[in-house]
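[1] below are the sequence and a predicted model for it; my questions follow.
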Amino acid sequence: MPDHSTDAPYADLDPAAVLGALQDAGFPCDGRLLQLNSYENRVYQVPLDDGRVIVAKFYRPHRWSDAQIAEEHRFAAELAEAELPVVPPLPLTIDGPALTLSADTPTLGHYHVAPGQDVAPGQVFRFSVSERWAGRAPELEQPDTLAWIGRLLARMHLVGARDTFAHRRTLDVQTFGHRPRERLIELGFVDPEIDRGWINASAAALEAVDRAFERHGPPRHLRLHGDCHAGNVLWRDEGVGAGPHFVDLDDCCMGPAIQDLWMLLPGERGAVDAALHHLLDGYRDFMDFDDRELLLIEPLRTLRMVHHSAWLAERWRDPAFPIAFPWFASPSYWNQQAADLREQFERMQS
């Protein structure tokens, strides 16, 4: 029998399993499912019999432990209690034999798929449910929008500074740089002969990142969103919660405050300073910001580049990834990555 957990982790998560899990958790569905854009997890917009619409998130098997997911859920609830525009997971109820709940996390369900001809014995999918908040992309070229988001991020960080994560990752050079690079080589995606340019460029770039963090000294680590790019900020034009709201805390972690700011900056280098000014202008309305962290923007960008390549490599046996990222693992990809990392190296020297 095939091991779906690594080659095709969602092979057994068919529509019947999704609907069955939600039914057993106390969310009777009307039979319709709309799969939302997510490569890491499986996320569905689901209309219920009572007219409500929910979002169901099925976690990628083996990525996070129950303890790590529990910290994500508690952080979301804590932010919502502080009146931050974050949608926390809803409590689940047990209304079927195939569902169990985590002992101390009633928002995390374990759905046991009934064994069948092609189903791995004991296949379990972990999932959560939240309200649906629709929205559009924020207009990040608008100063008022950036300042508004900056104020909300500062309030998020005030909450994040109250405590620490015990189980989730810390954003540092080893976890997001050196180890992913080693993993890429171990998995055989980087050929020491063909991809020598990437090997040399990534080594030099990560050495520059090491030096940048050493010059800065240990930054203050907060509980962060962790993946706060424009796609994870939605704008509501009217009604309750009008304005920006944050989605997808799947990558929440410990790290420096600047991590939640730099990915919102424009790609055009000339517009970065103005956008950063507006973000920080709003941020400082609620929380102090250490200007030395601005020196970490390019190092953090470099870590994200290396980490993203390793993420693709580790997911490559999932059939969805070669379809979505056909250019990955080609010589042209590694040549372009080598050129980008050399450019990052130069930026970190200035």
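    It's in. Numbers count the residues shown, from 1 in each chain.
[2] only C-alpha atoms from now on, for both contacts and neighbour counts.
    Fine.
[3] mind listing what's buried in whichever helix or strand Asp273 is part of?
    Per DSSP states H and E: Asp273 is located in helix 269-283. For helix 269-283, burial by neighbour count (16 or more other CA atoms under 10 Å) applies to Ala275, Leu276, His278, Leu279, Leu280, Asp281, Gly282, Tyr283.
[4] surely the last one meets Leu146?
    Spelled out, it's Tyr283. No - if you go by CA atoms under 8 Å, Tyr283 and Leu146 don't touch, sitting 9.5 Å apart.
[5] which other residues reach the helix or strand hosting Gln336?
    Using DSSP H and E, Gln336 falls within helix 331-349. Applying CA atoms under 8 Å, 6 or more residues apart in numbering, the contact partners of helix 331-349 are 194-195, 197-199, 201-202, 204-205, 208-209, 212, 298-299, 302, 327.
[6] also stretch 255-271?
    140, 150, 153, 157, 170-172, 219-230, 272, 275-276, 279, 289, 293-294, 296-297, 300.
[7] let me see the mean pLDDT of that stretch.
    Predicted confidence along stretch 255-271 averages 90 (mean pLDDT).
[8] now do it: distance to the chain's middle.
    What separates the centre of stretch 255-271 from the centre of its chain is 16 Å, taken as CA atoms, centre = their mean, to the nearest Å.
[9] next, the buried residues of it.
    So, applying 16+ other CA under 10 Å, buried residues of stretch 255-271: Gly255, Pro256, Ala257, Ile258, Gln259, Asp260, Leu261, Trp262, Met263, Leu264, Leu265, Pro266.
[10] between these, which is nearest Trp316?
    Met263 (25.1 Å; CA to CA).
[11] now the closest one: phi and psi?
    In terms of degrees, to the nearest 10, the main-chain angles of Met263 are phi -70, psi -10.
[12] can you add pLDDT and give the buried residues of helix 269-283 back as a markdown table?
    Formatted as a markdown table, the buried residues of helix 269-283 follow (pLDDT from 0 to 100):
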| residue | pLDDT |
| --- | --- |
| Ala275 | 95 |
| Leu276 | 95 |
| His278 | 96 |
| Leu279 | 97 |
| Leu280 | 98 |
| Asp281 | 97 |
| Gly282 | 98 |
| Tyr283 | 98 |
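[13] averaged pLDDT, the host helix or strand of Leu79. What do you get?
    Using DSSP H and E, the element containing Leu79 is helix 66-81. Mean per-residue pLDDT for helix 66-81: 97.
[14] what sits up against that helix?
    Under CA under 8 Å, 6+ apart, the answer for helix 66-81 is 85-89, 102, 105, 107-108, 156, 159-160, 165, 167-168, 249-250, 252.
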